[in-house]
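> from the sequence below, what's the structure:
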Amino acid sequence: MGYTHYWTVKEELTREKFITWAEGVQVIVETAVEAGIPLGNGLGEDAPEISDLVIAFNGVGNEGHETFGITIDDEGFDFCKTAAKPYDAVVTASLIHAKRIFGDAIEIKSDGNWDDWDSGKILYETVFDIQPESVLQ
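Numbering: from 1, shown residues only. Down below sits the predicted model:
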């Protein structure tokens, strides 16, 4: 299955906003792991990479596909093919949070529609106690 999410960073991401996003992604990841979604960094490490410079994670073993990653100096188009595996909820929740933090600096698209993001929306709402609005262009 080729289920993929796409994003375009349209302007430089500020360090302050990236740190805020990373702090939120950390909580999203911790909540997902507690719920039983296995996550690593996509490079054989057991823990996702979350810092003030980079976010990188993947599912583990057969539960992984392509690594989701955004760095503070990313600009332009990128994507992550999750094949709708369990870590897809963490990817979509992280993208929802990215849109909330970065606003118009990031554009998000997906092979799925907003209804296909239900697991990510639930994860996001669990963490932030905010029902997300559609982030898809």
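
> next up, the contacts around residue 33.
Contact analysis of residue 33 by CB atoms under 8 Å, 6 or more residues apart in numbering lists residue 39. The way it works is simple: take the backbone N, C-alpha and C, and place the C-beta from them, glycine included.

> so where does it fall, helix or strand?
Under the criterion DSSP states H and E, the helix or strand holding residue 33 is helix 15-34.

> need the contact list for residue 64.
Neighbour list for residue 64: 40, 42, 58, 85, 87 [criterion: CB under 8 Å, 6+ apart].

> for residue 37, same thing?
Contacts for residue 37 (CB under 8 Å, 6+ apart) come out as 59, 63, 86, 87, 89, 90.

> the last one against residue 40, yeah?
No. Applying CB atoms under 8 Å, one finds residue 90 not in contact with residue 40, separated by 11.5 Å.

> distance of residue 73 from residue 126?
As judged by CB to CB, to the nearest Å, residue 73 and residue 126 stand 31 Å apart.

> neighbour count for those two, which is higher?
Taking neighbours as other CB atoms under 10 Å, residue 73 and residue 126 compare with residue 126 leading, 14 against 11.

> what sits against that one?
For residue 126, the set of contacting residues under the criterion of CB under 8 Å, 6+ apart consists of residue 31.

> report the distance from stretch 99-109 to the chain centre.
12 Å (CA atoms, centre = their mean, to the nearest Å).

> quick one: buried residues of it?
Residues 99, 100, 101, 102, 105, 106, 107, 108, 109 are the ones in stretch 99-109 that count as buried (16 or more other CB atoms under 10 Å).

> how long is stretch 58-68 end to end?
In terms of CA to CA, to the nearest Å, the two terminal residues of stretch 58-68 are separated by 6 Å.

> now that stretch: buried residues?
So, applying 16+ other CB under 10 Å, buried residues of stretch 58-68: 58, 59, 60, 64, 65, 66, 67, 68.
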